[in-house]
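The following block contains a protein sequence and its predicted model.
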Amino acid sequence: GAVVSQHPSWVICKSGTSVKIECRSLDFQATTMFWYRQFPKQSLMLMATSNEGSKATYEQGVEKDKFLINHASLTLSTLTVTSAHPEDSSFYICSARDSSNQPQHFGDGTRLSIL
Amino acid sequence: ILNVEQSPQSLHVQEGDSTNFTCSFPSSNFYALHWYRWETAKSPEALFVMTLNGDEKKKGRISATLNTKEGYSYLYIKGSQPEDSATYLCALEGSARQLTFGSGTQLTVLP
């Protein structure tokens, strides 16, 4: 089946640090990748949608200058949380889809803790 | 903002019992309904993608039905096993082709 690799799994760092999370589709070409965030006891919330070679589309309330997304190839998207603060502590998870009418395939997620 | 609701939030069943849970969603702008199983420390696993009203899909002991007119989907598990313990998520894919997730139903199957 389709495999999506996400790393790192855990990040603990000081306030003000920028953190980069990678999402790779290992055995298929992902025309579209999605980034979600989940706070405790809440549902997965879509942050942004990225298509290879174009700018990401951010959901309302998500700061594009805070959460930089790069989708430079059909197998790699990165999310950089710039100058992270404790309120950015959350679970971030990516997904990828190769074409329409197909399910999204998820990575394992990244738990980010900002001290 | 689309509101996708799942119930119950959690449930415990005995091994061998059959169970079901519900996903309700707004029926306007419907494109597809997705079900995922999410085990602890793993990535969400796609179970079903359903698009047509009246759709029924089956994968082993798990099946799902879809009613787009009234805006609900049921997931059924027959003869639950401990390995079925997981959080089951439904997600609505709207006309914008993005997923809006429910909060999930956390299932625990007791041996």
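Perfect, I can see it now.

The worst-scoring helix or strand of chain A on mean pLDDT near chain B at all?
Ranking every helix and strand in chain A by mean pLDDT, DSSP states H and E puts strand A:67-73 at the bottom, with a mean of 91. No - Strand A:67-73 stays clear of chain B (C-beta under 8 Å from any C-beta of the partner chain), getting no nearer than 14.6 Å. The way it works is simple: take the backbone N, C-alpha and C, and place the C-beta from them, glycine included.

Flag the shaky bits of the chain, pLDDT-wise.
No chain specified, so I'll use chain A. Residues of chain A meeting the criterion pLDDT under 70: A:1, A:100-101.

could you do chain B instead?
B:1.

Show me which residues of it are close to chain A?
Contacts of chain B with chain A, taken as C-beta under 8 Å from any C-beta, map to B:4, B:32, B:34, B:36, B:41-44, B:46, B:49, B:51, B:89, B:91, B:97-104.

For the nearest residue in space to B:Phe30 that is not next to it in sequence, which residues are in contact?
In this structure, B:Phe30 finds its nearest non-sequential neighbour in B:Thr68, 5.2 Å apart by C-beta to C-beta, 6 or more residues apart in numbering or on different chains. Counting by C-beta atoms under 8 Å, 6 or more residues apart in numbering or on different chains, B:Thr68 touches B:Ser27, B:Phe30, B:Leu33, B:Leu52, B:Asn53.

Now do the contacts for residue 17.
Picking chain A for this. Listed by C-beta under 8 Å, 6+ apart, the contact partners of A:Thr17 are A:Ser83, A:Ala84, A:Ile114.

To clarify, I was referring to chain B.
Applying C-beta under 8 Å, 6+ apart, the residues near B:Asp17 are B:Gly79, B:Ser80, B:Val109.

what's near enough to touch the residue of chain B found nearest chain A?
Going by C-beta to the nearest C-beta, chain A is nearest to B:Ala46 of chain B, at 3.5 Å. Residues counted as contacts of B:Ala46 (C-beta under 8 Å, 6+ apart) are A:Pro103, A:Gln104, A:His105, B:His34, B:Trp35, B:Tyr36.
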